[in-house]
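[1] pasting a predicted model and its sequence here:
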Amino acid sequence: MDQFLEFVHSLNLRDKRNIISSVASGSLFAIGWWVAINAAAAYPLNNDLLKASHACGAIATLALIMLNSVTNSQVRGDSMFSDGVCGTSFIRIWVFVGFLMSFGSLIASFWIFFDYYVSKDRNHVPGLAILIQNVFIFGSTMIFKFGRSEDLWA
């Protein structure tokens, strides 16, 4: 185990942090939507897969865009663009709403899965696909937001 940790440390991944987090985040996002599109193609009837449950993935995607459209320095107020209509308070409210949408879509996908698919005698696969989609988009959002280093832009 010690040799493995030394090998990982010798790779010097700190320089490639942005690349690794971007690729990991993009892969999770693409796989999440791929699973949802596959479920929609495999279960075309609304009785099998609720078409309204795709709203969870759309809201999670919008939350990903909202959370990653601002930098952490703008949230802290360290940015040189802190005045005007989109000041620090607006940016903080923007990020808060983005987190609410992200967590809300994740909770809604769990709710849909357990209420519509598990509690009733239905096929679990379509609900599990929506759940996996939202878990992957949530993971993608968090990796892309907190996995990158913004030192290069400061």
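    Perfect, I can see it now. Numbers count the residues shown, from 1 in each chain.

[2] could you dump the helix or strand bottoming out on mean pLDDT in the chain to CSV, C-alpha only?
    When the helices and strands of the chain are scored by mean pLDDT, DSSP states H and E, helix 2-10 comes last with a mean of 72. In CSV, the C-alpha atoms belonging to helix 2-10 read as follows (Å, rounded to 0.1, in the frame of the first residue of the first chain):
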residue,chain,number,x,y,z
ASP,A,2,2.9,2.3,0.8
GLN,A,3,4.4,1.7,-2.6
PHE,A,4,1.1,2.5,-4.3
LEU,A,5,0.8,5.8,-2.4
GLU,A,6,4.4,6.7,-3.4
PHE,A,7,3.6,5.9,-7.0
VAL,A,8,0.5,8.1,-6.9
HIS,A,9,2.4,10.9,-5.3
SER,A,10,5.2,10.6,-7.9
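
[3] and the next helix or strand past it?
    Downstream of helix 2-10, the next assigned helix or strand under DSSP states H and E is helix 17-42.

[4] so, low pLDDT: which residues of the chain?
    5, 8, 11, 13, 79-84, 151-154 (pLDDT under 70).
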